[in-house]
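>>> next input, structure requested:
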Amino acid sequence: MSVQRITEAIEKLGAISSKVKGNFEGLDSAKLNMKITPQSWSIGQCIDHLTVSNRSYFPQLKAAASGTLQPGIWGKVPLLPGLFGKMLVKSVSPDEKKKFKTMNPFEPSYSDLDPGVISSFLDTQDELTGLISNLSRTDFRKTIITSPASGIITYSLDDLLDIITLHEERHYRQAMRTAEHFKML
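You can find the predicted model right below:
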């Protein structure tokens with residue numbers, strides 16, 4: 001089960017990496033920082049947000065791979081991780097129309113981003129896929145992750161893989177809408 005799950009997640013992450021590289025790698029700072037509205041995120045901010053949020057899981061992924069990850073108190077409450085997992089998977093889905101406020105630890109940079117934001121994302125993706133590939137002996141459904149944004153929010157490693165891949169697709173599409181709006185492609 002876990003080898004297939006790992007392969008699926010890595011393929012999805014690889015597809016997003018390829019799309020980001022193919023569509024955004026050649027953009028200059030001015031284009032990466034353009035916003036449709038003052039409240040919306042630029043392409044650079046969408047990509048930076050993914051880098052920041054994915055990196056926040058690295059310590060727990062390393063601990064899960066080594067077998068040293070310990071769930072917090074909230075992760076031990078029956079049914080709670082399942083409820084949070086389902087809620088988060090739905091909320092980050094690319095098809096979810098409702099917008100959610102990003103929690104502070106996951107906020108993108110609000111300064112001008114340079115083209116290095118794309119290479120930083122791609123490097124983070126490589127590291128993330130490496131961490132995920134090390135999880136082959138981990139029980140994805142029983143391993144409980146605590147959200148880096150709130151110690152109360154817990155979910156299974158299985159849900160985390162969906163959360164990460166769906167979240168990436170959601171913000172990639174958001175960045176594409178900005179690129180299409182300004183006719184960059």
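>>> ok, now which ones touch the residue nearest to the spatial centre of the chain?
A centroid search over the chain (CA atoms, centre = their mean) returns residue 164, at 3.9 Å, as the residue closest to the centre. Contact partners of residue 164, counting by CB atoms under 8 Å, 6 or more residues apart in numbering, are 9, 13, 54, 57, 128. All C-beta atoms are positioned from the backbone trio N, CA, C, and that covers glycine.
>>> and if you look at residue 54?
Taking CB under 8 Å, 6+ apart, one finds 124-125, 128, 164, 168 in contact with residue 54.
>>> list just the nearest of the residues you listed to residue 185.
The shortest gap between residue 185 and any of the contacts of residue 54 belongs to residue 168, at 18.7 Å (CB to CB).
>>> which non-adjacent residue is nearest that closest one?
With CB to CB, 6 or more residues apart in numbering as the measure, residue 16 is the residue that lies nearest to residue 168, at 4.6 Å, once sequence neighbours are left out.
>>> count of neighbours near the one you found?
By other CB atoms under 10 Å, 19 other residues sit near residue 16.
>>> check what pLDDT it gets.
Note on residue 16: pLDDT of 98.
>>> helix or strand for it, which one?
Under the assignment given by DSSP states H and E, the secondary-structure element containing residue 16 is helix 2-24.
>>> got it, and residue 164?
Remark: residue 164 resides in helix 157-181, with elements defined by DSSP H and E.
>>> now do the buried residues in that helix.
The neighbour-count criterion (16 or more other CB atoms under 10 Å) identifies 157-172, 174-176, 178-179 as the buried residues of helix 157-181.
>>> follow-up on the earlier one: looking at the contacts of residue 164, which one is closest to residue 21?
Of all the contacts of residue 164, residue 21 sits closest to residue 13, with 12.4 Å by CB to CB.
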